[in-house]
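>>> next come a sequence and a model predicted from it.
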Amino acid sequence: MEKVIGIDLGTFNSCVAVVEGGTPTIIANRGGYKVTPSMVAVTETGKRLVGHIAKRQAVTNAENTVYAAKRLIGRKFDSPQVRNAIATSPYAIVEGPSGDCRIRLRDEVYSIPEISAMILKELRSVAEDYLGTQVTKAVITVPAYFNDNQRQATKDAGAIAGLDVIRIINEPTAAALSFGFGKNIDRTVAVYDLGGGTFDISILEISSNGVFKVVSTAGDSFLGGEDFDQQIIDWLVQGFREEHGIDLRKDRMALQRLKDAAEKAKCELSVAQETEINLPFIISGGANEALHLQRTLTRAEFEELTADLVERTIQICEHTLEDAGLEKDEIDDLILVGGMTRMPAVQAAVSAWLEKPPCKGVHPDEVVALGAAIQGAALLDQIPDQEMVLLDVTPLRLGIMVKGGLVEELIPQNTTVPTSRTKRFTTVRDNQTAVKILVLQGESEQAKDNELLGEFELTGLRAAKAGEVELEVTFEINADGIVSVHAKDMDTGKAQSIMVTASSGLTREEIERMTRSAEQHAVAQRSDEESQKVRQEVESAIARLEGLFPEVEAAFAGSDFGKDALSRAQNVIGVSREAVSRGDIHRMREQLEALERARRGLAGMLGKP
Ligand code: AMP
């Protein structure tokens, strides 16, 4: 029975889990760590590094090391988030052919799903090593507030990594699944998820008959750990300007160092009452004068700087509870997810709001992957004696653009998915033969403030009087939260072929090409690792053989027999070294046998085994 893995593809760290014998388990990577940094790098020799090894060389190879690619996935190049990332990222973010963003590493340009695929591939291989079998199926989680473009791009990443993504599920929902799994409880839970770039809150009902129903979800995809970092950066920049009259923001390198230091300080303040930020030689003050930045930030000061951000999350929580039609005392449990919930002030604010402490025993880094693995196993009926149904909702309203640049709602926020809505359109002008429709996702009444998922044109309509030609368009959101659109010409009953712009910015052909390239790369990497292994075996065999030389020389001093035996052994070593220097793996393997024969020959002469 093939296993399905659950993957939490995080902004900073990722995690993989599987259900074994009915129990969900986190799979540790080769280094023994349960989380793998979501980092990818390309070395000078063109080698791809993923996870801890990419992180270890990040400082010395910053321009070719990608972190936090999740902030960019499914986003347009000209979006505010991408502009912000360009200003602070050491790696080059460039515009893709369809307005998406891409990353240049050394001489190659990669799409964001390709980068994410490298992380997914690594997690897949961690799981394969652990399970000892091939893994092709996965459930991947995304923030509840991800829009269609971001979900689609995440699915594309899975495909490039050679994974059949059987379901995309929301991170808070996965957390609740993991929390309620196997407990046979009837409870209403709130999942507060504050990650690196996004915030969301979900209210779920868990029932003892195995139904996990999301009642409401809301969030802010512009609010996350990075905004907390930004507050520290602004505080540092302002202080420096007051002292030296220099704007550090104008220096890319300085800004990058500020950003790293700010995040580090933030994390330290989760455990310490104060932290020192020390950045020597941050910038030149002119006339060979190097300036240093050194400041102390206390937890109280940091909490003051970020109080507004925390308050914003609480306001969203309030709305969500209202939407769910619930009172605070009707929430039984509070679950905290996401790295930012380690900040004491965040924990205190949420607990104060809900008037209850967060659940203990829920690991914020692992709970999401565990939930994904549970959902995967349930979808494949691999959880014995346990019925499980997951009913999630769409976090964002789906609509179309109508006159005056406004939005007409088709599927409201918090509608249980899968769902569909059909709408009839008629022509508005005489002899109109085409209708253009813009599909939007978001909460604003103004079309321009929503995410444009795609635009399509219904063409080839019969030329007739205005209002005579009717079209039926069906908008669908599947269980992954992914949107699709179908249209029918009511005149002819024929399905209209509609083109929705490829939402992740990748076409089918591109995804296929990237999948092939990722596969070829993996094969090259495997053969590279294999050749490295054989090379080491040859070196050891040579060392073993040479180790016998002094004894043979001593035992057969001056005899032709001894000289001949040593000269033959030298020959074998020479041929072996040549095979190593040419990287000829086939020849190296042959020489391994020859070296062993030579060793046995010399050992035999010495009366050894
Ligand atoms: P996630 O997206 O769940 O991986 O969360 C990542 C965010 O959590 C980043 O903004 C991190 O800086 C932040 N984070 C991680 N560890 C801590 C910590 N100990 N204290 C405060 N924030 C943290």
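Right, received. Where do you want to start? Because the structure is a prediction, the values reported are computed rather than measured.

>>> separation between the residue of the chain at minimum distance from the ligand and residue 599?
Across the chain, no residue is closer to the ligand than residue 225, which sits at 1.9 Å (CB to the nearest ligand atom). In short, each C-beta sits where N, CA and C put it, glycine included. Look at residue 225 and residue 599: by CB to CB, to the nearest Å, they are 58 Å apart.

>>> more neighbours, those two?
residue 225 (26 against 20; other CB atoms under 10 Å).

>>> wait, isn't residue 313 in contact with residue 195?
No: Residue 313 lies out of contact with residue 195 (CB atoms under 8 Å); the separation is 11.5 Å.

>>> contacts only, for residue 415.
Residues near residue 415 by CB atoms under 8 Å, 6 or more residues apart in numbering: 393, 394, 477.

>>> next step: the residues you listed restricted to strands.
residue 477 (DSSP state E).

>>> tell me the one among the contacts of residue 415 nearest to residue 107.
residue 477 (40.2 Å; CB to CB).

>>> okay, and the beta partners of that closest one?
residue 419, residue 483 (DSSP bridges).

>>> same deal with residue 333?
residue 189.

>>> which stretches of the stretch 401-550 of the chain form strands?
Applying DSSP state E, counting those that start in this stretch to the stretch 401-550 of the chain gives strands spanning 406-411, 419-426, 435-441, 451-458, 470-477, 483-489, 495-496.

>>> most tightly surrounded among the ones you listed?
For those, average neighbour numbers computed from mean count of other CB atoms under 10 Å are highest in strand 435-441, which has a mean of 20.

>>> let me see the domain layout of this protein.
4-224+309-391, 225-307, 398-500, 508-605 (automatic domain parsing).

>>> just give me how far the longest one sits from the chain centre.
Between the mean C-alpha location of domain 4-224+309-391 and the chain-wide mean there is a distance of 7 Å, by CA atoms, centre = their mean, to the nearest Å.

>>> that one: end-to-end distance?
Domain 4-224+309-391 has an end-to-end distance of 20 Å (CA to CA, to the nearest Å).

>>> next: the shortest one.
The stretch domain 225-307 measures 13 Å between its terminal residues, going by CA to CA.

>>> make residue 1 into 110 and carry on from there
Okay, residue one is now 110; in that scheme the one you just asked about reads as domain 334-416.

>>> average pLDDT across that domain?
Domain 334-416 shows a mean pLDDT of 92.

>>> quick one on the thing from earlier: rebuild the contacts of residue 524 as JSON lines, extending it with distance to the ligand.
Shown next, in JSON lines, are those (distance: CB to the nearest ligand atom, whole Å):
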{"residue": "502", "distance to the ligand": "21"}
{"residue": "503", "distance to the ligand": "22"}
{"residue": "586", "distance to the ligand": "25"}
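
>>> tell me the secondary structure of residue 509, please.
strand (DSSP: H, G, I helix; E, B strand; the rest coil).

>>> next, the contact list for it, please.
516, 517, 519, 532, 546, 547, 548, 549.

>>> interface residues of this structure facing the ligand?
119-122, 304-305, 334-335, 372, 375-376, 379, 447-449, 451-452 (CB under 6 Å from any ligand atom).

>>> coming back round to it: so which of the contacts of residue 509 is the closest to residue 115?
residue 548 (30.2 Å).

>>> quick check: the gap between the spatially closest residue to the closest one that is not a sequence neighbour and residue 526.
Using CB to CB, 6 or more residues apart in numbering and skipping residues adjacent in sequence, the residue nearest residue 548 is residue 562, 4.5 Å away. Remark: distance between residue 562 and residue 526 (CB to CB) = 15 Å.

>>> list the buried ones in stretch 453-465?
By neighbour count with 16 or more other CB atoms under 10 Å, stretch 453-465 contains the buried residues 454, 455, 456, 458, 459, 462, 463, 465.

>>> average pLDDT across that stretch?
96.

>>> with stretch 433-440 instead?
94.

>>> what about the helices in this structure?
Secondary structure of the chain, counting by DSSP state H: helices at 161-165, 189-197, 221-240, 257-269, 280-289, 334-353, 361-377, 408-432, 453-463, 476-488, 617-655, 658-664, 669-691, 694-714.

>>> by contact count, what packs against the second one?
In this case it means helix 189-197. Contacts defined by 3 or more CB pairs under 8 Å, 6 or more residues apart in numbering; DSSP states H and E place helix 189-197 against strand 201-204, helix 361-377.

>>> distance between the last one and the chain's centre?
The one in question is helix 361-377. 22 Å.

>>> now it against helix 189-197, angle please.
110 degrees (axes from the mean of the first three to the mean of the last three CA atoms, to 10 degrees).

>>> next, the angle helix 334-353 makes with helix 361-377.
120 degrees.

>>> hmm, the residue nearest to residue 548 is touching residue 556, no?
No: contact criterion CB under 8 Å: residue 562 and residue 556 do not qualify, at 11.8 Å.

>>> identify the contacts common to these two.
By CB under 8 Å, 6+ apart, the residues touching both residue 562 and residue 556 are residue 549.

>>> what's next to stretch 464-478, contact-wise?
115-117, 119, 122, 124-126, 135, 143-144, 250, 280, 283-284, 287-288, 437-438, 440, 442-448, 450-451, 456, 459-460.

>>> now do the same end-to-end measure for that stretch.
Stretch 464-478 end-to-end distance (CA to CA) = 28 Å.
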